[in-house]
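>>> How does the following fold in three dimensions:
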Amino acid sequence: MTTPTHQTIEPLTVPPGLKGVVVADTATGDVRGREGFYHFREYSAVELARSRSFEDVCHLMLEGSLPAPQQSAALQGRLAEAAVLPDRLLAVLPDIAVSGPDRASLARLRTAVSHLGALEGFVPTYGASPEQVYADVLRVVGAVPVIQAALHRLRAGQDPLRARPELGAAGNWLWMVTGREPAPEHRDALTAYLTSTIDHGFSASTFAARVVTSAGSDVAAAVAAAIGTFAGPLHGGAPDRALDSLDEIGNAERARDWVREKVAGGERIMGFGHAVYRTMDPRAAMLRDIALQLGGPLVDLAVRVEQEVIEALAELKPGRELHTNVEYYAGVVMELCAIPREMFTPTFASARVVGWGAHILEQAEGSKIFRPSARYVGPPAPAPLP
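As a prediction, the model looks like this:
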């Protein structure tokens, strides 16, 4: 009888941030950065955003196909049920709402989602039936927009508004946040934005959700981790900062000097550059078209400043390929739709939770935990104890 041998797996040294490293297979979609193209399942994400409803694309991402009318109605019905928050969660939302600074919206959302999972006894994905995991994903996808809008209004001293699913995802969001009937052009513009941002490859927040799911944790824990990651200003927390920059610049003639000042100070130019795209972000191109359709002084300023900033960055950072990303025109479109600036990133999160849900469902099908290695760079060990 031979004695089994244990193979030692030599660690691989990979680039910082796992750049270019493939860590999983996915059928949810992909981002092809050099082409300036991304897709949901087998369809162009931008074409979907221009032509299909948010709910149809939810069905595509969560169930794998574009729905027939009956399937679409069935999913909308389940999401409407999921949008009704439990009384015990509603009771604690006022306390959550008053915590932290105004732009800590995602920290408050993270707390509320964690509370929802605990109240409703979300089960670990490991060992759970696919039907149960799917039900928990739908619960969170339906609840997140309602929670965020309720927290916003409570913080402003207003009563939360009941969801109106018949307005569609974008119209309902505008209603719950602003308390006004949404204008058709604003509803259409926001539908395209929400749909285009449902997913975007293995972003940091998506990866965080999959890591937590790989451990077998529950859906609420995975989404809370994704929200915590998404809150970072280098990830989802940029649309409001991009618009703050436009305010600071004030007029296009000042744009180049402003960029030079920021670059000299080592600051990032929010709304420009992307970890994957080496061309203009296709979401930004679509949103610029939408902004131009809506029109107005802000759009005129944004278009002129965009060109000045791109030319200044090309001069100051040659070879870096720093183009407009989604946050730049996302902020412009949301401002035109009368969404408060502190709700820009929560609006983004209301869409991205669908993508997180799709990745959680996919990751839950496996049983291999993510367990990378780290390279030790401290003092040599073992050292004698003092």
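>>> What segments of the protein are strands?
Taking DSSP state E as the criterion, the chain carries its strands at 29-32, 37-40, 43-44.
>>> From those strands, pick the one with the highest average neighbour count.
Mean neighbour count (mean count of other Cβ atoms under 10 Å) peaks for strand 37-40 among the strands of the chain, with a mean of 20. Placement of C-beta: from N, CA and C, glycine included.
>>> Can you spell out which helices and strands pack onto that one?
Strand 37-40 sits against strand 29-32, helix 45-51, helix 54-63, with contacts defined as 3 or more Cβ pairs under 8 Å, 6 or more residues apart in numbering; DSSP states H and E.
>>> could you redo the last one with a cut-off of 10 Å?
strand 29-32, helix 45-51, helix 54-63, helix 184-196, helix 282-294, helix 344-363 (3 or more Cβ pairs under 10 Å, 6 or more residues apart in numbering; DSSP states H and E).
>>> Please identify the deepest-packed of these.
Stretch with highest mean neighbour count among the helices and strands packed on strand 37-40: helix 344-363 (a mean of 26; mean count of other Cβ under 10 Å).
>>> Where is the longest helix in this structure?
In the chain, with assignment by DSSP state H, the single longest helix is helix 130-155.
>>> With distance to Val219 as added columns, please give the strands of the chain in a markdown table.
Output for the strands of the chain, formatted as a markdown table (distance: least, Cβ to Cβ, whole Å):
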| stretch | distance to Val219 |
| --- | --- |
| strand 29-32 | 20 |
| strand 37-40 | 20 |
| strand 43-44 | 25 |
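>>> Of all these, which one comes closest to Val332?
Closest approach to Val332 among the strands of the chain (Cβ to Cβ): strand 37-40, 20.7 Å.
>>> Residues contacting that closest one, please?
For strand 37-40, contacts defined as Cβ atoms under 10 Å, 6 or more residues apart in numbering pick out 28-32, 44-49, 52, 57, 60-61, 66, 195-196, 198-201, 276-277, 279, 281-283, 354-355, 358.
>>> do you know how far Pro340 is from Val31?
To Val31, Pro340 is 30 Å away according to Cβ to Cβ, to the nearest Å.
>>> wait, I meant Leu361
19 Å.
>>> Tyr134 touches Leu62, doesn't it?
Yes. Between Tyr134 and Leu62 there is a contact under Cβ atoms under 10 Å: 7.3 Å.
>>> Find residues that contact each of these two.
Common neighbours of Tyr134 and Leu62 are listed as Gly357, Ile360, Leu361 (criterion: Cβ under 10 Å, 6+ apart).
>>> Of the strands of the chain, which is nearest Gln158?
Gln158 lies closest to strand 37-40 among those, at 35.0 Å (Cβ to Cβ).
>>> Tell me the gap between the closest one and the middle of its chain.
Strand 37-40 has its C-alpha centroid displaced from the chain centroid by 15 Å (Cα atoms, centre = their mean, to the nearest Å).
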